[in-house]
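Engineer: Below are the sequence and a predicted model for it; my questions follow.
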Amino acid sequence: MEEAREHSALSARDQERARRARMIRGIRIHVMIALVSTMVLIVVNYLTTPAYPWWMWVAVAWGAPLAVHVAIAMEIFRSTG
């Protein structure tokens with residue numbers, strides 16, 4: 001009986017590790033897409049309207065959801081009760 005509980009606890013621990021790994025992988029993908037897209041927009045901005053750096057508005061707009069994604073992954077909004 002105790003062995004079954006131990007196995008259940010290990011399984012729950014493994015599930016938590018897998019969930020965290022998925023969250024981290026999701027953040028990495030989100031950051032990479034944001035960085036690559038921003039770099040492309042910087043080049044497009046330079047080639048079309050170099051006098052006004054409009055790409056910064058896109059970077060700021062993308063940064064807010066990215067920050068929320070990171071906060072959720074870090075469990076900042078998780079209730080402790």
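Structural biologist: Received, thanks.
Engineer: Can you name the residues that contact the residue nearest the centre of the chain?
Structural biologist: Taking Cα atoms, centre = their mean, the centroid of the chain lies closest to I27, which sits 2.4 Å from it. Going by Cβ atoms under 8 Å, 6 or more residues apart in numbering, I27 touches H69, V70, A73. For every residue, glycine as well, the C-beta is placed using N, CA and C.
Engineer: Restricted to helices, list those.
Structural biologist: Using DSSP state H, the subset of the contacts of I27 located in helices is H69, V70, A73.
Engineer: Quick check, the last one in contact with R25.
Structural biologist: If I follow you right, that is A73. No - counting by Cβ atoms under 8 Å, A73 does not reach R25; the two are 10.0 Å apart.
Engineer: Between those two, point out the one with more neighbours.
Structural biologist: A73 (15 against 10; other Cβ atoms under 10 Å).
Engineer: shaky segments in this protein?
Structural biologist: Counting by pLDDT under 70, the chain shows low-confidence ranges at 1-9, 80-81.
Engineer: Mind doing that once more with 90?
Structural biologist: Scanning the chain for pLDDT under 90 picks out 1-21, 23-24, 69-81.
Engineer: Break down it into its helices, ranges please.
Structural biologist: 2-48, 55-73.
Engineer: Name the stretch among those that sits most buried.
Structural biologist: helix 55-73 (a mean of 13; mean count of other Cβ atoms under 10 Å).
Engineer: Quick one: list the elements packing against it.
Structural biologist: Applying 3 or more Cβ pairs under 8 Å, 6 or more residues apart in numbering; DSSP states H and E, we find helix 55-73 packed against helix 2-48.
Engineer: quick check: angle from the helix it packs on to helix 55-73?
Structural biologist: 180 degrees (axes from the mean of the first three to the mean of the last three Cα atoms, to 10 degrees).
Engineer: from the middle of its chain, how far away would helix 2-48 be?
Structural biologist: 6 Å (Cα atoms, centre = their mean, to the nearest Å).
Engineer: Can you tell me which of the helices of the chain is nearest to S79?
Structural biologist: helix 55-73 (13.0 Å; Cβ to Cβ).
Engineer: And the closest residue to A71 other than its chain neighbours, its phi and psi?
Structural biologist: Excluding the flanking residues, the one nearest A71 by Cβ to Cβ, 6 or more residues apart in numbering is F77, at 6.3 Å. Phi and psi for F77, reported as degrees, to the nearest 10, are phi -90, psi 0.
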